[in-house]
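In: coords please:
(2 chains)
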Amino acid sequence: MTAITTPPSRTHRTPGATRKEIDMKRFIIKAAAIAAMFAAVPTTTLRAEGLEPKDVADMLHAVMDSDRTIYTKMIVARLVNEHKLIKASEFFEDEKAAPLPAQMFRFGAEMVADKTDLFSYSLLSLWPVNKQNAPRTDVEKEGLQFVVDHPGENYYGEEELGGTKYFTAVYADTAISPACSSCHNGHKDSPKTDFKVGDVMGGVVIRIPVE
Amino acid sequence: MSLSSNALLWITWIGLTLVAGAALAGVMYVGGKRDLLLIGGTTSAHHQIELACETCHTSGLFADARKIEKDMNKACLSCHEDELKVSNDSHPVKKFRDPRNADRREQLDALMCVTCHLEHRPEVTNAMAVTLPNDYCLACHQDVYKERPTHVGSGFETCASAGCHNYHDNTALYEDFLVKHAGGEAIAAHPVQSLAATRGRDPLRIALADADPVATLTAFLRDVADEDKKDTAGVDAVARLARVLDAGDAIAPAAFMSEEAIANWAGSAHAVAGVNCAGCHAPEQAKEGDISAIEANWVESPGMDACQSCHKQEAATFVEGKHGMRAHPELSGPRKEPQNAMLKIAALIFHDEPLPPMPVSEALIPMKPDAAHLTVGSCNACHKPHEQDLKVAAVEACASCHDDAHTKAYFTSPHFRLWEAELAGAGEPGSGVTCADCHMPKIEARGKAFTMHNQNAYFRPNEKMIRPVCSNCHSLEFSIDALADPELVESNFNGRPSLHIPSIDWALSRTRRAE
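Out: Numbers count the residues shown, from 1 in each chain, chains lettered A, B, ... in the order given. Okay, here's the model as predicted:
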């Protein structure tokens, strides 16, 4: 079941509750544009139906999650770990190696940030290798804890950052292959060293400005 | 009726004010040298182009502050973007766009170049043209003492000034690099610069000196050939040797066919590579080989255009550095002539001249007085294309103008002694160290080496030099220590570092603890 929350600072999380009213007119246009970018669905259909920010975030996450899973399983787990044909390294340029799945994901997020401010996303964790990727906002902190405590559920909230209101969704980021858990467990900067396949290692945070 | 002296004075004052105001407005809006309008000197980075105002100030009048900052970013990147890419920028703008960094951006707006690098503020400009107080890392890295106990006691003002970190370029300073390159001898057992190891050993020339040039060159080409490709070394050798020109092949108007010029050309790399006189002096007509057309279009002193048709990367990087920046394509030229009739008249008095190559006398660093009248800005300021000895550009050309302590000390340095030995044949190619080896190193790009002609590309912060230059012959630890010792730098590395930067020790201790 999916939990939907109001901003944690105002009320505590209420599963099933609807989010506060937002400026739907502006949002529908944004949602249509975003969906068109990623799903190549005719914008007229989306305009007519309208999209909740939650649905947009879920759609975006479906694309992100699938792409990264494919990269992790078909490139890193297969070519690096199984066939040992190539290396994957955090320092992929110096090592002439493939970027790690987390880096591939981050580079995508940075490129998206260069292209649009209609949404943004990041990969964070309660146990980050790079401490800059630890949760910083209240919603990030609560969301990351929520997806650890509630397997299979997502976290939705709202927050204001730099004068802009955001719909923020947090999705569990799970160790889908031994490549994920073994690399994190062995990294000298990892605060947690006993990850197993299937464990929630962090979360994908998607933000959509709603005001 | 005569005017009182007071009235005369008023009239004179008003008249002079109007004239001065009109002159100022003319210089501002129509044309003319705008040094009067400079609100403060620029850094050495932009000093040469500070009067080409529109190069950086592109927003026009009445733009709001944010637009100006954004436009300024574009202007900065139009010259510095490649440098940031090569630096594998540790703090690229894209990292700061995420809304989760909004509070950090309020403290330090890392989206804008001008947050840290303001021009025209000499009174607050620190090293690396930074105009913020040097403890700027504090804005985001407050947790460093908790995460890195080794750093306790080091002030935030020392992060980027002690030889440990840079804001942009950490390619030779990141932790795993330090660990990987820990140890090693201060001076390698076989100190040779890998990309310079073939200098003076042009395979074509070696083959030409041999009894059987085709066989020698074929053997060389086979040696370097990619095994996966079809072996065409024999055919290639014949084709290459067929291109070699000698004195009898020179095509030039009779007036320029001096014995000396032909002899020099015939012994140069240009003749060996099949480039005839007209290839540079009348490049378009050279293709047809029609001597009358060549004569009609002969350019006595070809400029950079001719050189860059073959030496593309050298020319492109040359205009990015201090020696050629006034020829940079992004530099704003003279302002456009006004269309308005009144302003057209004003433009007769107030008009811009293109920036000429900078004379040595305008340099901000010590230069030889007898070089004051010389200019840089073209290839042949340092290279003499007709001379067989291209080594002049590696040391003598530099020392003919530069007169600072580091340059003067070079001639008593170990690097110079090695260069003398290489020139004398006692040292192997690539073992001598010239000015150019450090400041215009050979760089490998897409499998080919070229000589970096932007002397600033691997200059500041000086740790940029470690990977392409110092690491050829020195350990990382020695390189970091030496570059962090200003006195040793000034003495041109005549001696050993008098200080030690503990970054490698700290990185190793952390790795060992983790293991």
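
In: CA only for contacts and neighbour counts going forward, please
Out: Fine.

In: Up against chain B, what does chain A have?
Out: Contact residues (C-alpha under 8 Å from any C-alpha of the partner chain) of chain A with chain B: A:110, A:111, A:113, A:114, A:120, A:121, A:122, A:136, A:137, A:161, A:162, A:188.

In: check contacts around the third one.
Out: In this case it means residue A:113. A:119, A:120, B:94, B:97, B:98 (C-alpha atoms under 8 Å, 6 or more residues apart in numbering or on different chains).

In: about what we covered before: widest-spaced pair of the residues of chain A next to chain B?
Out: For the residues of chain A next to chain B, the farthest-apart pair by C-alpha to C-alpha is A:162 and A:188; their separation is 33.9 Å.

In: Between those two, which has more neighbouring residues?
Out: residue A:188 (17 against 13; other C-alpha atoms under 10 Å in any protein chain shown).

In: who touches the more buried one in this structure?
Out: B:511, B:514, B:515.

In: Likewise for residue A:173?
Out: Per C-alpha under 8 Å, 6+ apart, neighbours of residue A:173: A:200, A:201, A:202, A:203, A:204.

In: and the fourth one, backbone torsions?
Out: The one in question is residue A:203. With angles defined as degrees, to the nearest 10, residue A:203 sits at phi -150, psi 150.

In: What of the last one?
Out: With angles defined as degrees, to the nearest 10, residue A:204 sits at phi -90, psi 130.

In: now do the one 5 residues further on
Out: Note on residue A:209: its backbone torsions stand at phi -70, psi 130 [degrees, to the nearest 10].

In: Isn't it up against residue A:157?
Out: No: Residue A:209 is beyond contact range of residue A:157, at 12.0 Å (criterion: C-alpha atoms under 8 Å).

In: hang on, the earlier thing: quick one: which of the contacts of residue A:173 is nearest chain B?
Out: residue A:204 (13.0 Å; C-alpha to the nearest C-alpha).

In: contacting residues for the closest one?
Out: Contacts for residue A:204 (C-alpha under 8 Å, 6+ apart) come out as A:61, A:121, A:122, A:123, A:124, A:170, A:171, A:172, A:173.

In: Same check on residue A:200?
Out: By C-alpha under 8 Å, 6+ apart, residue A:200 lies in contact with A:147, A:148, A:172, A:173, A:174, A:175.

In: how many other residues sit next to the second one?
Out: The one in question is residue A:148. 21.

In: so who does it touch?
Out: Contacts of residue A:148 (C-alpha under 8 Å, 6+ apart): A:172, A:200, A:202.

In: do the same with the fifth one
Out: The neighbours of residue A:174, taking C-alpha under 8 Å, 6+ apart as the test, are A:197, A:198, A:199, A:200, A:201, A:202.

In: How many residues are close by the closest residue to the last one other than its chain neighbours?
Out: Meaning residue A:202. Of all residues not flanking residue A:202 in the chain, residue A:125 sits nearest, at 3.9 Å (C-alpha to C-alpha, 6 or more residues apart in numbering or on different chains). Neighbours of residue A:125 under the rule other C-alpha under 10 Å: 25.

In: how close does residue A:125 get to residue B:5?
Out: When distance is defined by C-alpha to C-alpha, to the nearest Å, residue A:125 is 83 Å away from residue B:5.

In: cool, and residue B:149?
Out: To residue B:5, residue B:149 is 79 Å away according to C-alpha to C-alpha.

In: other SSEs contacting the lengthiest helix in chain A?
Out: Counting residues, the longest helix found in chain A (DSSP state H) is helix A:53-70. With contacts defined as 3 or more C-alpha pairs under 8 Å, 6 or more residues apart in numbering or on different chains; DSSP states H and E, the packing partners of helix A:53-70 are helix A:24-39, helix A:101-115, strand A:164-174, strand A:200-209.

In: Now do the first one, average pLDDT.
Out: What helix A:24-39 shows for mean pLDDT is 51.

In: Equivalent analysis for the shortest one, please.
Out: Per-residue confidence for strand A:200-209 averages out to 97 on the pLDDT scale.

In: Ok, stretch B:301-321 next?
Out: 92.

In: For it, list every residue counted as buried.
Out: Going by neighbour count (16 or more other C-alpha atoms under 10 Å in any protein chain shown), the buried part of stretch B:301-321 is B:302, B:304, B:306-307, B:313-321.

In: Can I get these in CSV including secondary structure and distance to chain A?
Out: Converted to CSV, these look like this (DSSP: H, G, I helix; E, B strand; the rest coil; distance: C-alpha to the nearest C-alpha, whole Å):
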residue, secondary structure, distance to chain A
B:302, coil, 40
B:304, helix, 34
B:306, helix, 36
B:307, helix, 33
B:313, helix, 22
B:314, helix, 24
B:315, helix, 27
B:316, helix, 24
B:317, helix, 23
B:318, helix, 26
B:319, coil, 28
B:320, coil, 25
B:321, coil, 26
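
In: tilt between the longest helix of chain A and strand A:164-174?
Out: Per axes from the mean of the first three to the mean of the last three C-alpha atoms, to 10 degrees, the angle that helix A:53-70 makes with strand A:164-174 is 40 degrees.

In: I'd assumed residue B:6 was in a helix, is it?
Out: Yes: counting by DSSP: H, G, I helix; E, B strand; the rest coil, residue B:6 is located in a helix.

In: what does the model give it for pLDDT?
Out: 92.

In: List the residues that contact residue B:110.
Out: Here residue B:110 is in contact with B:93, B:96 (criterion: C-alpha under 8 Å, 6+ apart).

In: contacting residues for the closest residue to chain A within the stretch 101-250 of chain B?
Out: Nearest residue of the stretch 101-250 of chain B to chain A (C-alpha to the nearest C-alpha) works out as residue B:102 at 5.0 Å. Taking C-alpha under 8 Å, 6+ apart, we find residue B:102 in contact with A:161, A:162.
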